[in-house]
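Student: only geometry, no sequence info:
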């Protein structure tokens, strides 16, 4: 901010929030001691009102208690330089979207002392020589050379961030201390927390409600030859950073909340070169690493199987088709003696009405990261089996990975079915959990059903689920982050 460093002002806010929380709790306790006569309705309403205020402040405190300890490590002391990746999920890529723009920002003592903002193509123009691409990037993206704009090809953000940093260092020099990945979704939330972004260059005011539509509109202008306009993504990133740096103190709490919520929802990812900070980020689940959680704590069985899946799509059609794509997933796990049989069905619809840029056919490279001992049995696209020659299967990052190309023409629907199996203990009494890792930038409503074989009786189910004759169906309607579903059997 203009009047103080990031951690000075955030520290003041934390102190104020702590005081307010304590005062409200005392007031609530006092109200509870007051007798309102025979009708306690008024008392209940007052208590409920205070409880809502307490809960709001408690949420802010939780946010600040997690973020504030990082402030001095991240922004204090000696100079620290960070790379901000502005990713556009209208062209979905593994860590959130196509890298449209990037900012290199340097802090000292909590204050921003320099910033450079580039389009991804600007960065690529500054990197000389050839860089060898990952094995499957030339096959699906058609580029033998590796570019900064495609540096987030690895679904593990920690590894992708390291490559993005490498490209930036080659392009502009210097060392990067950490990387922050934003999506349009998280950018919209941050804008709303700070106030609308004014873009006088286009006579526009940006909020979360029109950000995606404006990004789609301005992507069409990229094709105009000889255009001298500044890249629209660069404009947004410039104005967003300026808005954050000059934010008034009363906006900071909401700004922190927006960042914290999007870290929790995996729409913002972070990576740090500081080992201790990175370990903390990892423990909080903010690094975008491929993870396999422990068995849910409330399950007490000695035997517990945790199955994992990470569905990762990369739009390789060189368009913004994801803006027009709707995807729904149904995942069924049939628990049989000694084996869990998985069937993942994806319904993908492309609502675009013309093939002209930025619309067009949705051409995407799908990768699925499964348990290391998983066996893929079949992949079908619109009921046609995908041949072994068209599948990529390998062990990657300690997982079984299967990948293949999916094309969804405009005004069409495509059904993709993945079937695979994972060994089970075969014991009668055990716990089973299924972890579905979210891809940043991807909106995939998912219904999960676990079907136990005859004789298995659920003793504990987490989270809420409906037990039906066809299986245990989990409520995923309001899911905003990873999905984790478990059943303990007796």
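Tutor: That came through, no problem. All of these numbers come straight from a predicted model, not from anything done at the bench.
Student: all strands for the stretch 101-250 of the chain, in order.
Tutor: 111-119, 178-182, 197-199, 204-206 (DSSP state E, counting those that start in this stretch).
Student: So which of the ones you listed is the most surrounded?
Tutor: strand 178-182 (a mean of 25; mean count of other C-beta atoms under 10 Å). Where you see a C-beta, it was placed from the backbone N, CA and C, and this is true even at glycine.
Student: tell me the mean pLDDT for it?
Tutor: Mean per-residue pLDDT for strand 178-182: 97.
Student: ok, it: who's next to it in the sheet?
Tutor: strand 80-88 (parallel), strand 268-272 (antiparallel) (DSSP bridges).
Student: Nearest to residue 325, out of the ones you listed?
Tutor: Comparing these by their distance to residue 325 (C-beta to C-beta), the top pick is strand 80-88, with 13.7 Å.
Student: pLDDT of the closest one, averaged?
Tutor: The average pLDDT for strand 80-88 rounds to 97.
Student: what angle separates that strand from strand 111-119?
Tutor: Put simply, strand 80-88 runs at 40 degrees to strand 111-119, going by axes from the mean of the first three to the mean of the last three C-alpha atoms, to 10 degrees.
Student: Which stretches in the protein count as helices?
Tutor: 6-33, 41-75, 120-126, 136-141, 157-172, 184-194, 211-219, 232-245, 249-264, 275-284 (DSSP state H).
Student: Redo these as JSON lines? Include distance to residue 391 and mean neighbour count.
Tutor: Output for these, formatted as JSON lines (distance: least, C-beta to C-beta, whole Å; neighbours: other C-beta atoms under 10 Å):
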{"stretch": "helix 6-33", "distance to residue 391": "48", "mean neighbour count": "15"}
{"stretch": "helix 41-75", "distance to residue 391": "41", "mean neighbour count": "15"}
{"stretch": "helix 120-126", "distance to residue 391": "30", "mean neighbour count": "18"}
{"stretch": "helix 136-141", "distance to residue 391": "12", "mean neighbour count": "17"}
{"stretch": "helix 157-172", "distance to residue 391": "23", "mean neighbour count": "21"}
{"stretch": "helix 184-194", "distance to residue 391": "31", "mean neighbour count": "22"}
{"stretch": "helix 211-219", "distance to residue 391": "32", "mean neighbour count": "17"}
{"stretch": "helix 232-245", "distance to residue 391": "35", "mean neighbour count": "19"}
{"stretch": "helix 249-264", "distance to residue 391": "34", "mean neighbour count": "18"}
{"stretch": "helix 275-284", "distance to residue 391": "31", "mean neighbour count": "14"}
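Student: for those, which one sits closest to residue 469?
Tutor: Among the helices of the chain, helix 249-264 comes nearest to residue 469, with 35.4 Å by C-beta to C-beta.
Student: bridging residues for the closest residue to residue 381 other than its chain neighbours?
Tutor: Nearest in space to residue 381, with sequence neighbours left out and distances taken as C-beta to C-beta, 6 or more residues apart in numbering, is residue 416 at 5.4 Å. For residue 416, the beta-bridge partners are residue 346, residue 381 (DSSP bridges).
Student: on that earlier part again, present the strands paired with strand 178-182 as TSV; the columns should include distance to residue 306.
Tutor: Listed next are those as TSV, based on distance: least, C-beta to C-beta, whole Å:
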stretch	distance to residue 306
strand 80-88	29
strand 268-272	23
